[in-house]
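In: Sharing a sequence plus its predicted fold:
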Amino acid sequence: MHVQLERGLQVVARGKLSLILRAVDETSVEVIVISTREKLIVGLDEVEFIAKSEKNDAAPDILLMITLDAQATEQERNQAVKRFAVITKLVQGKITVEQAAGELSVAPAHIYKLRSKYDEGLGYCSLIVQRRGNKKGSRHLVDNIEVAISEAITKFKRKEGVSFAQVWREVQSNCDLLRLKCPARKTVQARIEASLSTKQITRMKSGRDIASQTHDGRPGKYNAKRPLELVQSDHTLVDVEVLSDDRKEVIGRPWLTLFIDVYSRVILGYYLSLHAPSSLSVACALTHSVMRKEDFFRRLGLSEYSYPIFGPPEMVYMDNAKEYCSPKYLRALERSHITYGHRPLGKKHYGGHVERLIGTMMNKVHLLSGSTMSNTVARKRLAKSKKPTQTFTEFSKWFALQVIEYHSTVHSEIAKSPLQAWNEYYNPHSITPYPPQISDEHQFRLRFMPEEYRCIRSRGIEFKGRFYWDPVLYSYVGEKKVVVKYDPFSLKQLWVQLNGQFVAIPFADMTLPDISYEEHRASLFFSERLQPGTFAEPQAAQAYREAANIEEISIKLTKKARKRTAALLEYEKAYPFSDTALEAPKDLPDYSSSPKPFRRGD
């Protein structure tokens, strides 16, 4: 005989006649004993099935009682218990109708109504207030409309970024084709919530990742027992745009690479760049993590602040990005005695600490002018006047101050600030006074420093628009494809491989200020290399135009004077003057005598 486990099925549980209420898990069910109304959770091996022909008249009443009790609120349940006790005394003849009405504070007519509903078998559940209106879960739409809603839900349930409004518009389209009246949006939303699980709805609205983070279990948790035991690393595109050094152009959004210590939650090190994540970003962030930060803060002009966090991690936990799986990077980790691990594919929660830290830092960024926010919905709320105002150099200094603030703020999970957690372990008066030190910082840096190939010229080595020179290069002038390593945090010197050894070569012009690789990149955005003879200032072009104007006017005046002279010569040739005409008259007037008045007739 085949038996289908369902609600209301009559069985024998632990030797007592019972009804099945619900399935608890794969091996147990919840039942209610008919005789005592006791609810039990029993295993399937404790249940005996009986023939369906054997019926118990009390079964429907018991199920009704359970349904009423489940739907009632605590206040309604207490009211029903009180009424049942009073009506029981009335039925037994212990009190009158007037007395019952007085105890329940109702009219005598209402006592007769309660008496008609009274059922000793159902107990107090028979007097639970029945709510008016449609019952929860009831449906009143015609079948064709239900089918239209179901088809719309089926179409969108496996997609991402779909709102209830989009499903409703699809239902409107389906109903229009069928010449049916479209149901209200709330009705469609109720059907979605009834048809899909909470996780499916979250996935449909927010995507697979958020649904997994919200609803999936996270069994197992690794707890670091000391600082530097486990460090997590990840990248993010910062939600803010920065300007070029001349503040005329937007050069884009910086990338941030972080290393966080799981035990203390301190930011062990980081790197801000203007290019997509690469092995350079990872190497710079790791080097920044291991080394002391005094020089770094001095270059930023923040010498008054303290960043006493450094040291080589025992293990670095990363995702599976290309830069984290680079053979050169992994080999450098092994040579530095640092173990590493990669997250399982598609399991972001294995890097939950660094993911949460990134979210914390981005919340700070969202308050800046020029913030792009973290999603398109929030981006639409931004005022158009919130344009970028910071250059990359200014943002680097601002972010360093945010790191200091984060280290000194109480963390919700460890109930203290990250800096306090770090200092409690590494304390001059404790067993472990200081973090582990790198015995040869120079060699450690060289392992992770990026390298390029350059030629050695008579002027030195040209690198990033600057020349580097040292007398040691005299005997190597003309060498090609020489290995050159550089520190992205400071370009004041290079390390050049000569005869198998790396030699530090400084700026040829010692008056040049130090600059980082990212500052150099920022200075090149929207800046072209000027050719010799190019006007560098506006006044040069103005002077050129005025000089050209003077030349043009002088040419015109000279031509005009030459034409007048030539014309006069030609006129004299055509009409020559006689010699007598040129002689002075013999009788000259006497200008010493007074003039005589003119008279007519003279």
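Out: Good, I have the coordinates.
In: In three-state terms, how would Met204 be classified?
Out: The three-state label given to Met204 by DSSP: H, G, I helix; E, B strand; the rest coil is helix.
In: Now do the buried residues in the longest helix seen in the chain.
Out: Looking only at the chain and at elements set by DSSP state H, the helix with the highest residue count is helix 538-574. Taking 16 or more other C-beta atoms under 10 Å as the basis for neighbour counts, none of the residues of helix 538-574 comes out buried. C-betas here are computed from N, CA, C, even on glycine.
In: Would you quantify the distance from Ser417 to Ile404?
Out: Applying C-beta to C-beta, to the nearest Å, the value for Ser417 to Ile404 is 11 Å.
In: Which stretches in the stretch 101-250 of the chain count as helices?
Out: In the stretch 101-250 of the chain, the helices defined using DSSP state H, counting those that start in this stretch lie at 108-117, 143-156, 164-177, 185-195, 198-206, 208-215.
In: Mind checking those helices for the one nearest to Gly311?
Out: With distances scored as C-beta to C-beta, the stretch of the helices of the stretch 101-250 of the chain nearest to Gly311 is helix 208-215 (31.1 Å).
In: gap between the two ends of stretch 505-520?
Out: According to C-alpha to C-alpha, to the nearest Å, stretch 505-520 extends 19 Å from its N-terminal end residue to its C-terminal end residue.
In: Please give the centre-to-centre distance between the longest helix of the chain and its chain.
Out: The gap between where helix 538-574 is centred and where its chain is centred comes out at 69 Å by C-alpha atoms, centre = their mean, to the nearest Å.
In: for stretch 164-180, same thing?
Out: 35 Å.
In: immediately after the least confident helix or strand in the chain by mean pLDDT, which helix or strand?
Out: Scoring the helices and strands of the chain by mean pLDDT, DSSP states H and E places helix 376-379 at the bottom, with a mean of 49. Beyond helix 376-379 on the C-terminal side, the first helix or strand identified by DSSP states H and E is helix 392-407.
In: so what secondary structure elements neighbour that next one?
Out: Here helix 392-407 is seen to pack against strand 242-243, strand 267-273, helix 352-365, helix 418-425, helix 517-524 when contacts are counted using 3 or more C-beta pairs under 8 Å, 6 or more residues apart in numbering; DSSP states H and E.
In: what's the least confident stretch among the ones you listed?
Out: For the helices and strands packed on helix 392-407, the stretch scoring lowest in mean pLDDT is helix 517-524; its value is a mean of 71.
In: Let me see the backbone angles for Ser336.
Out: Ser336 adopts backbone torsions of phi -90, psi 10, taken as degrees, to the nearest 10.
In: Spit out the contact partners of it.
Out: Pro312, Phe444, Arg447 (C-beta atoms under 8 Å, 6 or more residues apart in numbering).
In: pLDDT and secondary structure added to those residues, as JSON lines?
Out: Conversion of the contacts of Ser336 to JSON lines gives the following (pLDDT from 0 to 100; DSSP: H, G, I helix; E, B strand; the rest coil):
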{"residue": "Pro312", "pLDDT": "89", "secondary structure": "coil"}
{"residue": "Phe444", "pLDDT": "79", "secondary structure": "helix"}
{"residue": "Arg447", "pLDDT": "77", "secondary structure": "helix"}
